[in-house]
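>>> Quick one, fold the following:
(one chain, ligands or ions: 2)
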Amino acid sequence: MSGRGGEKSREQQLKGIAAAPGIAIGKVYKLSSSALNVESPERRTITPEEIKEEQGRFTLALDRTRDELLKLRNKISSELNSKDAEIFDAHLMIVEDRMLYDEVMQMIEDSLLAADFSYYTVINRYAAAIAAMPDAYIQERAADIRDVGARVLRNLQNLPKDENGTKKSDEPYIVIAHDLTPSDTAALDRGMVLGFATESGSKTSHSAVLARSMQLPALVGLGEGVADMVDNGDEVIIDGFSGFLIINPSAASKEQYARKADDMNRFLSSLTQEAKLRPETLDGFMVQLSSNIESLDDLPQVKKFGSCGVGLFRSEYMFLTSSTPPDEESQLNTYRSILKELGDEPLIVRTLDVGGDKLNNQLRRYAEDNPFLGLRGIRLSLRERQDLLRTQLRALLRAGVYGNLRVMIPMVSCIEEVVEVKQIIQELQLELKRERKDFVQHLELGAMVETPAAALMAEKLAHHVDFFSIGTNDLIQYTMAIDRGNERVAYLYQPGHPVVLKLINSCVSVARRHNIYVSVCGQAAADPRLAILFAGLGVHELSMVPANIGAVRRVIRQMTMFEAEQAGQMALQCSTAAEVMKIAGNVLAKVAPEVVALVEDGNDG
Ligand code: PEP
Ligand code: MG
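Residues are numbered from 1 along each chain as shown. Ligands and ions are numbered 1, 2, ... in the order given. All right, here's what the predicted structure looks like:
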């Protein structure tokens with residue numbers, strides 16, 4: 001079923017989305033997603049006497065599915081980390097959804113339809129409703145629902161278990177599929193799978209997230225029909241840096257990519273060995289490099305890649321992953337544990353930032369048409385969930401006595417928000433004093449600069465805070481007026497846009513004038529080219545995913561601040577992001593040509 005006819009053995013290159021870095025060379029194994037493997041059940045009617053039996057069958061299938069998911073969650077938790085395992089918590093929530101359960105039980109009883117057909121009808125309706133939502137991130141959750149649905153149906157129909165990860169083969173292989181559900185990805189045999197490529201999917205899909213954690217090179221979004229262009233056993237190359245899939249590579253291509261893979265591996269391990277070196281430029285300027293983390297589990301990475309503490313702790317993950325918000329004592333324990341691990345190094349905790357794509361119905365009371373422009377971050381904390389903010393700030397005030405703790409406010413768009421948070425902190429300090437609890441007298445407080453409003457009023461903000469942290473992920477989306485998760489406007493998501501740089505520059509100038517600390521903690525800080533520009537504009541600290549620190553450290557150690565400043569000033573005069581990235585790319589090629597290959601091709605914005 002090859003679509004290539006006579007061209008079967010000719011090399012072909014296809015461009016997809018680079019979802020996880022790395023190069024894989026190997027033979028194809030075609031996998032049909034487990035979610036697609038389940039046939040739609042026939043519409044079988046039952047007699048009233050069979051109702052109880054069908055309902056029992058359904059409940060049993062749910063129990064089995066729950067057991068399977070718990071096992072998978074434990075597998076991922078022990079092989080990767082508990083954060084990645086949380087994907088299966090979301091699946092467990094679907095299995096345990098009371099409304100869905102009641103609807104199926106009711107359908108079996110009222111319509112006298114067999115359990116499989118009833119369940120299939122209800123779960124498909126849910127998945128279709130989610131898939132029709134305007135938000136791309138939410139749409140992708142339909143895949144999770146279908147994934148769980150397929151599991152339950154397999155158990156209802158007593159079909160053999162999903163064997164995706166256990167293909168019997170003595171040779172490692174590359175998986176090509178239309179799509180992979182998170183279950184498929186998690187079940188992949190890590191000893192045998194070299195990487196995967198799928199026709200659909202985006203960078204933010206859970207499978208892409210898992211691939212990055214599993215350190216499997218991966219491509220997504222290759223387009224329909226790619227799986228039909230290859231047969232099992234065909235040779236392919238996945239280039240998870242540039243996003244290319246090479247089918248039937250020529251001998252020259254194989255040699256070229258094998259060399260690239262070797263170089264890359266040698267290079268990445270040499271970077272890890274530099275973890276203890278100071279991030280200092282050749283002319284003696286330090287640029288602090290720190291980590292973005294989401295949970296305690298990320299701490300080993302912080303140490304491994306030699307970061308100076310945590311520049312952004314996304315505390316909302318503590319809230320999003322449990323059914324009840326963590327109380328003061330459990331938050332205190334978490335912050336204290338991190339501070340103890342970090343010693344004197346700073347921990348910057350961001351207060352709860354729910355909203356936008358981080359939706360959580362338990363924490364938010366209303367659905368919004370434009371959640372990214374809605375009650376998000378500090379807005380939600382002050383207007384609707386002050387209870388949560390107060391509990392978190394109490395835990396932070398108490399944790400501050402155990403180390404170098406700073407706190408920052410997400411999504412600031414007016415001064416009153418900062419003033420109000422400071423008033424609450426004062427009230428809480430009085431409360432804690434009355435209760436004779438230990439707490440810090442001065443909690444270092446920062447504002448995140450992630451709206452143009454915050455950047456443009458930095459001068460005024462500086463009077464109220466101890467530091468700025470520039471969240472470029474949001475600053476870019478709000479400046480360019482695009483949803484950062486929407487693939488269709490992804491071309492406008494331009495971290496190097498001169499206007500974005502201008503906002504950052506004015507914020508840094510203000511911070512320098514007021515003698516306050518300024519960091520960049522958005523994903524842009526991890527791009528070596530932008531890291532040069534940010535350092536050149538005067539940013540004190542760059543905070544990023546720990547694994548990206550090595551490359552940025554290498555660049556900083558091989559450049560002069562003079563070069564970076566010149567590039568920064570030239571970039572501010574540019575008209576387009578492409579011009580900016582060219583300037584930065586030239587500096588990178590000059591000071592650290594070995595790092596150029598890590599920069600994603602085509603990512604010139
Ligand atoms: C940002 O917006 O750049 C940021 C760091 O916050 P988040 O990505 O969590 O919105
Ligand atoms: Mg943000």
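
>>> Which residues of the stretch 401-550 of the chain lie near ligand 1?
450, 471, 472, 473, 474, 521, 522 (Cβ under 6 Å from any ligand atom). (Each C-beta comes from the backbone N, C-alpha and C, glycine too.)

>>> For the third one, the count of nearby residues, please.
Right, the one you point to is residue 472. 23 (other Cβ atoms under 10 Å).

>>> still on that earlier bit, could you tell me which of the residues of the stretch 401-550 of the chain next to ligand 1 count as buried?
450, 471, 472, 474, 521, 522 (16 or more other Cβ atoms under 10 Å).

>>> mind giving me the domain split of this protein?
Here the domain parsing of the chain from automatic domain parsing is 12-33+164-270, 36-156, 274-598.

>>> Pipe those domains into JSON lines and attach mean pLDDT per row.
What follows is the domains of the chain, written out as JSON lines (pLDDT from 0 to 100):
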{"stretch": "domain 12-33+164-270", "mean pLDDT": "82"}
{"stretch": "domain 36-156", "mean pLDDT": "82"}
{"stretch": "domain 274-598", "mean pLDDT": "93"}
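
>>> that older thread, out of the buried ones among the residues of the stretch 401-550 of the chain next to ligand 1, the closest to residue 128 would be?
Distance to residue 128 across these (Cβ to Cβ) is lowest for residue 474, with 30.8 Å.

>>> pretty sure the closest one is in a helix, no?
Yes - judged by DSSP: H, G, I helix; E, B strand; the rest coil, residue 474 forms part of a helix.

>>> In contact with it: list those residues for me.
Residue 474 is in contact with 356, 411, 450, 451, 484, 522, counting by Cβ atoms under 8 Å, 6 or more residues apart in numbering.

>>> Excluding sequence neighbours, find me the nearest residue to the fifth one.
Closest residue in space to residue 484, ignoring its immediate chain neighbours: residue 477 at 4.1 Å, by Cβ to Cβ, 6 or more residues apart in numbering.

>>> hey, C-alpha coordinates of the helix or strand encompassing the one you found in CSV?
Assigned by DSSP states H and E, residue 477 belongs to helix 472-480. Extracted as CSV, the C-alpha positions of helix 472-480 are listed here (Å, rounded to 0.1, in the frame of the first residue of the first chain):
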residue,chain,number,x,y,z
THR,A,472,7.8,36.9,26.7
ASN,A,473,5.4,34.0,26.0
ASP,A,474,2.6,36.3,26.9
LEU,A,475,4.2,39.6,26.1
ILE,A,476,4.5,38.5,22.5
GLN,A,477,0.9,37.2,22.2
TYR,A,478,-0.6,40.4,23.7
THR,A,479,1.7,42.7,21.7
MET,A,480,1.0,40.9,18.4
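
>>> Skip ahead from it and say which helix or strand is next.
Helix 472-480 is succeeded, C-terminally, by helix 498-513 (DSSP H and E).

>>> Got phi/psi on residue 226?
As for residue 226, its main-chain torsions (degrees, to the nearest 10) stand at phi -60, psi -40.

>>> Give me the neighbour count for the residue lying closest to it once chain neighbours are set aside.
Leaving aside its chain neighbours, residue 226 sits nearest to residue 199 (5.1 Å; criterion: Cβ to Cβ, 6+ apart). When neighbours are counted by other Cβ under 10 Å, residue 199 registers 19.

>>> surely residue 327 meets residue 392?
No - Residue 327 lies out of contact with residue 392 (Cβ atoms under 8 Å); the separation is 10.2 Å.

>>> before we move on, the earlier item: would the helix holding residue 477 count as contacting ligand 2?
Yes - using Cβ under 5 Å from the ion, helix 472-480 reaches ligand 2 at residue 474.

>>> between that helix and helix 498-513, how big is the angle?
Orientation check (axes from the mean of the first three to the mean of the last three Cα atoms, to 10 degrees): helix 472-480 against helix 498-513 gives 120 degrees.

>>> Neighbour count: residue 327 and residue 392, which is higher?
Taking neighbours as other Cβ under 10 Å, residue 327 and residue 392 compare with residue 392 leading, 24 against 10.

>>> residue contacts, the more buried one?
Neighbours of residue 392 in contact, by Cβ under 8 Å, 6+ apart: 315, 331, 351, 352.

>>> Those residues of this protein touching ligand 2, which are they?
By Cβ under 5 Å from the ion, the residues of the chain that approach ligand 2 are 450, 471, 474.

>>> if I pick residue 428, what's in contact with it?
Residue 428 neighbours (Cβ under 8 Å, 6+ apart): 390, 393, 394, 397.

>>> export the residues you listed to TSV and tack on secondary structure and neighbour count?
Conversion of those to TSV gives the following (DSSP: H, G, I helix; E, B strand; the rest coil; neighbours: other Cβ atoms under 10 Å):
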residue	secondary structure	neighbour count
390	helix	17
393	helix	24
394	helix	22
397	helix	23
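
>>> Now do the strands in the stretch 301-450 of the chain.
Under the criterion DSSP state E, counting those that start in this stretch, strands of the stretch 301-450 of the chain are mapped to 310-314, 347-350, 405-409, 444-449.

>>> okay, the ones you listed in CSV with mean neighbour count next?
CSV is the format used below for those (neighbours: other Cβ atoms under 10 Å):
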stretch, mean neighbour count
strand 310-314, 25
strand 347-350, 25
strand 405-409, 25
strand 444-449, 25
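
>>> Check the gap between the residue nearest to residue 484 and residue 448 for me.
According to Cβ to Cβ, to the nearest Å, residue 477 and residue 448 sit 14 Å apart.

>>> For stretch 546-557, which outside residues touch it?
Counting by Cβ under 8 Å, 6+ apart, 268, 271-272, 274-275, 277-282, 287, 289, 291-293, 298, 301-302, 304-307, 525-526, 528, 531-532, 535, 542, 544, 588, 591-592, 594-595, 598 sit against stretch 546-557.

>>> One more pass at 7 Å, please.
Applying Cβ atoms under 7 Å, 6 or more residues apart in numbering, the contact partners of stretch 546-557 are 271-272, 274, 277, 279-281, 287, 289, 291, 301-302, 304-307, 526, 528, 531-532, 535, 542, 588, 591-592, 595, 598.

>>> Also stretch 451-464?
Here stretch 451-464 makes contact (Cβ under 7 Å, 6+ apart) with 411-415, 418-419, 447, 449, 468, 475, 478-479, 503, 506-507, 510-511, 514, 516.

>>> Dump that stretch to CSV, restricted to CA.
The C-alpha trace of stretch 451-464 is given here as CSV (Å, rounded to 0.1, in the frame of the first residue of the first chain):
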residue,chain,number,x,y,z
THR,A,451,1.3,42.8,28.9
PRO,A,452,2.2,45.8,26.9
ALA,A,453,0.5,47.9,29.6
ALA,A,454,3.0,46.6,32.3
ALA,A,455,5.9,47.3,30.0
LEU,A,456,4.8,50.8,29.1
MET,A,457,4.2,51.7,32.8
ALA,A,458,7.4,50.1,34.0
GLU,A,459,8.6,53.5,35.3
LYS,A,460,5.6,53.7,37.7
LEU,A,461,5.7,50.1,38.5
ALA,A,462,9.3,50.3,39.6
HIS,A,463,8.3,52.3,42.6
HIS,A,464,6.2,49.5,43.9
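
>>> buried set for that stretch?
By 16+ other Cβ under 10 Å, the buried positions in stretch 451-464 come out as 451, 452, 454, 455, 457, 458, 461, 462.

>>> ok, now stretch 251-262?
Neighbour-count burial for stretch 251-262 [16+ other Cβ under 10 Å]: 253, 257, 260, 261.

>>> After the helix or strand where the first one lies, heading C-terminal, what element do we hit next?
With secondary structure defined by DSSP H and E, residue 253 is part of helix 251-273. Past helix 251-273, further along toward the C-terminus, the next helix or strand under DSSP H and E is strand 288-293.

>>> if you look at that following strand, does any of it touch ligand 1?
No - shown here: strand 288-293 not in contact with ligand 1 (Cβ under 6 Å from any ligand atom), separated by at least 6.8 Å.

>>> That strand pairs with which strands?
Partners of strand 288-293 in the sheet, by DSSP bridges, are strand 310-314 (parallel), strand 541-544 (parallel).

>>> All set, thanks.
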